[in-house]
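J.: Have a look at this fold, sequence not included:
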């Protein structure tokens with residue numbers, strides 16, 4: 001499994017068994033690390049022709065509104081152009097701030113061409129991604 005660590009707040013990996021790209025967030029990522037992490041996902045999507053992403057937000061505090069806006073307006077069109085169509089997101093149970101941020105990010109995605117689900121357990125997310 002190829003993995004790239006970006007600063008203290010992000011790790012991006014390729015999970016061959018699914019296949020998908022996994023991005024893991026920790027703490028409160030500054031904008032520079034957030035964007036580097038997201039752009040690394042794009043690079044791996046290209047490299048592996050991956051259309052599925054597992055985002056692990058179970059150890060993150062929250063993303064800034066500016067970063068959420070950048071993700072939707074700048075990053076997402078690039079990811080969709082690469083074939084991004086399936087997203088599983090791991091969230092910690094009972095974290096309303098991260099849940100709100102994730103919902104805000106997902107609100108701009110077209111449900112007719114994009115599948116997305118939230119999970120609190122890694123194994124369930126992986127199984128769902130494999131079935132998609």
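T.: Great, that's in hand. Keep in mind the model is a prediction, meaning the values are calculated, not measured.
J.: excluding its backbone neighbours, what's nearest the residue nearest to the spatial centre of the chain?
T.: In the chain, the residue lying closest to the centroid (C-alpha atoms, centre = their mean) is residue 55, at 3.3 Å. Across the structure, with C-beta to C-beta, 6 or more residues apart in numbering as the measure, the residue nearest residue 55 apart from its sequence neighbours is residue 89 (4.7 Å). (Each C-beta comes from the backbone N, C-alpha and C, glycine too.)
J.: Secondary structure element for the one you found, which one?
T.: Element membership of residue 89, judged by DSSP states H and E, is strand 86-90.
J.: sorry, back to before: thought the residue nearest to residue 55 was touching residue 116?
T.: Yes. With contacts counted by C-beta atoms under 8 Å, residue 89 reaches residue 116, the gap being 7.2 Å.
J.: Between those two, which is the more surrounded one?
T.: Here residue 89 and residue 116 are compared on neighbour count by other C-beta atoms under 10 Å; more neighbours surround residue 89, at 22 against 16.
J.: pretty sure residue 118 contacts residue 92?
T.: No. No contact is recorded between residue 118 and residue 92 when judged using C-beta under 8 Å, the distance being 10.9 Å.
J.: In terms of packing, which of these two has more residues around it?
T.: When residue 118 and residue 92 are compared on other C-beta under 10 Å, the one with more neighbours turns out to be residue 118, at 16 against 13.
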